[in-house]
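1. task: produce atomic coordinates for the following.
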Amino acid sequence: MAGATFEDLEVYKLTIAFTIKVFDLLDGQQLKKEFSVKDQLKRATLSISNNIAEGFERETDKELIRFLYFSKGSAGEVRNILNILKETNYINEDKWLALRSEVTIISKQLSNYIKYVKRRCQTP
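-> Just a heads-up that it's a prediction; the model follows:
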């Protein structure tokens, strides 16, 4: 993958598209007064792509894997916040299903990428 950048990764592209949708949600009236929840959701969402980028730029597979795990953890945090927002009726079922589906796909792609990098480390 000579010359590749983190921007070339499919999982990174999905994460950016997902982040835009979360930011749109955060601009809505339903969360207007929930400053701490909005801040936590924004930070956790940004952390997914930030950790992909940081791990990739570290230029070692060990560090990349480490940061991909951070990214995956942030995806879980986002999913948890979305679950809470749904259960407290801050977002409706349709919005929750759509966002939850996207972040779940991102999490699965991160898992697959981690497996790929681990296999790459094991080949002589």
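2. may I see the buried residues of the longest helix along the chain?
-> Longest helix of the chain, by residue count under DSSP state H: helix 93-122. For helix 93-122, the buried set under the neighbour-count rule, 16 or more other C-beta atoms under 10 Å, comprises 95-96, 99-100, 102-103, 106-107, 109-110, 113-114. Every C-beta, even on glycine, is put in place using the N, C-alpha and C of the backbone.
3. including pLDDT and distance to residue 86, could these go into CSV?
-> CSV is the format used below for the buried residues of helix 93-122 (pLDDT from 0 to 100; distance: C-beta to C-beta, whole Å):
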residue, pLDDT, distance to residue 86
95, 95, 8
96, 97, 4
99, 98, 9
100, 97, 8
102, 98, 14
103, 98, 13
106, 98, 18
107, 98, 17
109, 98, 23
110, 98, 23
113, 97, 28
114, 97, 28
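4. before we move on, back to that, next one: the longest helix of the chain to chain centre, how far?
-> Relative to its parent chain, helix 93-122 has a centroid offset of 8 Å by C-alpha atoms, centre = their mean, to the nearest Å.
5. and if you look at stretch 53-67?
-> Computed by C-alpha atoms, centre = their mean, the chain-centroid distance of stretch 53-67 equals 16 Å.
6. can you dump the C-alpha coordinates of that stretch into PDB?
-> What follows is stretch 53-67, C-alpha atoms only, in PDB (Å, rounded to 0.1, in the frame of the first residue of the first chain):
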ATOM      1  CA  ALA A  53      -5.800   8.700  11.400                       C
ATOM      2  CA  GLU A  54      -3.400   8.800  14.300                       C
ATOM      3  CA  GLY A  55      -2.800   5.100  14.300                       C
ATOM      4  CA  PHE A  56      -2.200   5.100  10.500                       C
ATOM      5  CA  GLU A  57       0.300   8.000  10.800                       C
ATOM      6  CA  ARG A  58       2.300   6.200  13.500                       C
ATOM      7  CA  GLU A  59       3.600   4.000  10.700                       C
ATOM      8  CA  THR A  60       4.000   0.800  12.700                       C
ATOM      9  CA  ASP A  61       1.500  -2.100  12.600                       C
ATOM     10  CA  LYS A  62       1.600  -2.400  16.400                       C
ATOM     11  CA  GLU A  63       0.600   1.200  16.900                       C
ATOM     12  CA  LEU A  64      -2.000   1.100  14.100                       C
ATOM     13  CA  ILE A  65      -3.600  -1.900  15.800                       C
ATOM     14  CA  ARG A  66      -3.600  -0.100  19.200                       C
ATOM     15  CA  PHE A  67      -5.300   3.000  17.800                       C
END
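7. cool, thanks, talk later.
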